[in-house]
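here you go, sequence then predicted model.
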Amino acid sequence: MKHRLALIALAGLIAAPAFSGTCGPEQAADVALLETAKAALLNADYQSFTSIAGPYFPDLAENYDGYFGPLETTFPEGFDRCVTILQRREAPSFAQDLIFYFPKGYDSPMAVLLIAADVEGTMRMIEFSYNTNISGVLDELK
């Protein structure tokens, strides 16, 4: 009986749909680091985002309020959903995602740009920006 239940459970896992990306359907070009960062922002978990951003932002922890205070103040309820609207990949290892985050209670999104690159064999976030003025983030596209 236990073996039969284990087989049924395994069959359920095999038949399950593929994990979808945090802010949209899973894409072959998804970068795990960026997907993890997207999830932290979606959940308004800015402390985790600080850890994910890593060593290229040495002042992030000390200047936490400067980076994330505006988000906590403007959108205290966090975000309902997010949509990745652009993924740009360039060889050999440059990746950028433009994401719209929809704050709870608002119809217009906040734009977020995440940029990562493989640096000496490790994917690292090298830039990020956010703005409620979408043009402000579009100007940052590389």
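Looks like it arrived, so ask away.

is it true that Ala37 lies in a helix?
Yes. Under DSSP: H, G, I helix; E, B strand; the rest coil, Ala37 sits within a helix.

any idea how far it lies from Gly105?
24 Å (Cβ to Cβ, to the nearest Å). (Glycine included, C-beta is placed from N, CA and C.)

these two: which is more packed in?
Neighbours were counted for Ala37 and for Gly105 using other Cβ atoms under 10 Å; Ala37 has more, 25 against 9.

tell me who's in contact with the more buried one.
Neighbour list for Ala37: Phe49, Ile52, Ala53, Leu114, Met125, Phe128 [criterion: Cβ atoms under 8 Å, 6 or more residues apart in numbering].

between these, which is closest to Gly69?
Taking Cβ to Cβ as the measure, Gly69 lies nearest Phe49 of those, at 13.5 Å.

does the closest one belong to a helix, a strand or coil?
With three-state DSSP as the basis, Phe49 sits in helix.
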